[in-house]
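**Q** following is a predicted model, sequence given first.
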Amino acid sequence: MSAIRQVVPLQHQWPGADPFLFSVHHRDHFPAAVGDTMRPDASLAGRNLGQDFSGKDGWSMYHGATVPGFPQHPHRGFETVTVVLEGYVDHSDSLGATARFGQGDTQWLTAGSGLSHAEMFPLLDAENPNPLELFQIWLNLAPEDKKVDPHFDMIWAEDTPIVVRGEDGSRARFRVIAGDIDGVAAPTPPPNSWAARPENHLAIWVVTLDPGASTELPAFDEAAVRTLYNYGGALTVDDRELGYEAAVLEPAAVTVTAGDEGASFLILQGRPIGEPVVQQGPFVANTREEIIDAIQEYRAGRFGAWPLDDDGPVLPHGEGRIARYPDGEIRRPPSAN
């Protein structure tokens with residue numbers, strides 16, 4: 001019996017299996033910045049500014065006009081889990097929170113009843129390229145949690161477990177954002193997250209394998225669904241070689257083996273919520289009527305007033321990794337203390 005239930009090719013937006021809605025993987029090779037402006041030192045001619053997903057010259061401006069990124073926009077009814085492997089993201093929101101995070105940090109944002117936020121990609125190096133690699137994972141909320149108060153939290157890279165298996169040259173590395181592996185558990189997720197309930201068996205792992213390395217993905221509860229998103233190098237799962245593809249796996253343990261250039265993949269796992277999903281842009285609900293309510297409430301300003309003059313704000317150039325919480329508390333990663 002095959003260890004794989006289904007294989008699908010990956011596009012820009014990766015399909016999600018309940019409780020996940022979808023994921024995106026950004027990998028941009030941004031150029032050096034213009035001084036300390038955090039703007040790309042390159043012509044923007046030929047780009048559709050405000051809607052640039054072109055990948056021209058290896059990078060996009062997205063919805064940004066001067067600094068790449070996503071100026072303020074609303075969310076309701078789900079969570080975003082943003083894992084930044086390389087580069088930096090500047091966050092601002094209608095709760096009053098701000099952050100600069102990257103280099104292995106994760107931001108976990110429960111949109112709940114609704115908020116607006118901006119995610120900008122500041123280019124901090126004026127002498128060298130500014131590569132950016134991140135995942136943004138949309139995780140649904142249970143019906144009873146769709147209107148909870150929004151919640152902002154940071155998981156610093158230094159607090160994120162990395163489980164290493166194998167010897168030099170044939171290692172497997174598991175970055176544990178949610179769930180556990182080999183007895184090592186991720187940091188505590190937000191209180192109203194589907195991930196906060198152990199019976200939901202939720203896991204988010206970013207896995208890298210050295211060239212030719214093999215490792216076993218452990219068995220998981222049959223009530224859950226596990227999807228493997230292979231995005232970096234050839235990977236053999238059981239006896240099936242995957243390219244840039246996603247595979248829905250059977251619950252039994254399975255061995256995966258990297259090709260000659262190594263492999264990188266994302267694991268998303270969880271027990272389905274099992275409720276209807278109605279989505280319109282940044283709003284996720286269970287009925288069409290709830291979507292209409294969300295749009296009306298957003299237009300009425302009930303997601304909180306935007307606290308800044310700029311829709312695409314960035315922190316000062318010299319600021320390090322930092323999180324300013326809505327209550328005014330400031331936290332920095334352990335390495336900054």
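**A** Good, I have the coordinates. Numbering: from 1, shown residues only.
**Q** from now on I want contacts and neighbour counts done on CA atoms only, so please keep to that.
**A** Noted.
**Q** list the contacts of Leu134.
**A** Counting by CA atoms under 8 Å, 6 or more residues apart in numbering, Leu134 touches 25-27, 82-86.
**Q** how about it: what's its closest non-neighbour residue?
**A** Val84 (4.2 Å; CA to CA, 6 or more residues apart in numbering).
**Q** three-state assignment of the one you found?
**A** Recorded secondary structure, Val84: strand (DSSP: H, G, I helix; E, B strand; the rest coil).
**Q** I figured it was touching Trp108, is that so?
**A** No. Between Val84 and Trp108 there is no contact under CA atoms under 8 Å: 11.5 Å.
**Q** before we move on, back to that, can you redo the contacts of Leu134 as CSV with pLDDT and distance to Ala45?
**A** Converted to CSV, these look like this (pLDDT from 0 to 100; distance: CA to CA, whole Å):
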residue, pLDDT, distance to Ala45
His25, 98, 25
His26, 97, 22
Arg27, 98, 21
Thr82, 98, 30
Val83, 98, 30
Val84, 98, 28
Leu85, 98, 29
Glu86, 98, 26
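**Q** most neighbours out of those residues, which is it?
**A** Val83 (25 neighbours; other CA atoms under 10 Å).
**Q** do you know how far that one is from Asp260?
**A** In this view, Val83 and Asp260 are 26 Å apart by CA to CA, to the nearest Å.
**Q** the residue sitting nearest the centre point of the chain bridge partners, please.
**A** Centroid check for the chain by CA atoms, centre = their mean gives Gln136 as the closest residue, at 2.4 Å. For Gln136, the beta-bridge partners are Val24, Thr82 (DSSP bridges).
**Q** which residues sit in contact with it?
**A** 23-25, 80-83.
**Q** between which two of these is the distance greatest?
**A** Pairwise distances across the contacts of Gln136 (CA to CA) peak at 13.1 Å, for the pair His25 and Thr80.
**Q** show me where pLDDT drops low in the stretch 151-300 of the chain?
**A** Within the stretch 151-300 of the chain, no range satisfies pLDDT under 70.
**Q** again, 90 this time
**A** 239 (pLDDT under 90).
**Q** the helices in it, which residues?
**A** Using DSSP state H, counting those that start in this stretch, the helices of the stretch 151-300 of the chain run over 288-299.
**Q** wait, which of the contacts of Leu134 is closest to Ala285?
**A** Nearest to Ala285 among the contacts of Leu134, with distances taken as CA to CA, is Thr82, at 20.9 Å.
**Q** the closest one is in contact with Ile137, isn't it?
**A** Yes. Thr82 is in contact with Ile137 according to CA under 8 Å; the separation is 6.3 Å.
**Q** count of neighbours near the residue lying closest to Ala285 once chain neighbours are set aside?
**A** Nearest non-adjacent residue to Ala285, counting by CA to CA, 6+ apart: Val278, 5.2 Å away. Residues lying near Val278 (other CA under 10 Å) number 15.
**Q** thought Val278 was touching Val284?
**A** Yes. The criterion here is CA under 8 Å, and Val278 meets it with Val284 at 5.8 Å.
**Q** list residues touching both of those two?
**A** Ile291.
**Q** who's in contact with Glu165?
**A** Just so we're on the same page, residue 165 is Arg rather than Glu. So Arg165 contacts 171-173, 215 (CA under 8 Å, 6+ apart).
**Q** and it, how far from Ile181?
**A** Using CA to CA, one obtains 11 Å as the distance from Arg165 to Ile181.
**Q** now swap in His75 and tell me
**A** His75 is 31 Å from Ile181, by CA to CA.
**Q** those two: which is more packed in?
**A** His75 (23 against 18).
**Q** beta partners of the more buried one?
**A** Leu115.
**Q** so what pLDDT did Ser2 get?
**A** Looking at Ser2, its pLDDT is 88.
**Q** so it, which of the three states?
**A** Per three-state DSSP, Ser2 ends up coil.
**Q** so who does it touch?
**A** 238, 250.
**Q** and Gly183, how many residues sit next to it?
**A** Per other CA under 10 Å, the neighbour tally for Gly183 reads 7.
**Q** ok, how many other residues are close to the closest residue in space to Glu79 that isn't next to it in sequence?
**A** Closest residue to Glu79 apart from its sequence neighbours, by CA to CA, 6+ apart: Thr110 at 4.4 Å. Burial measure for Thr110: 30 neighbouring residues, criterion other CA under 10 Å.
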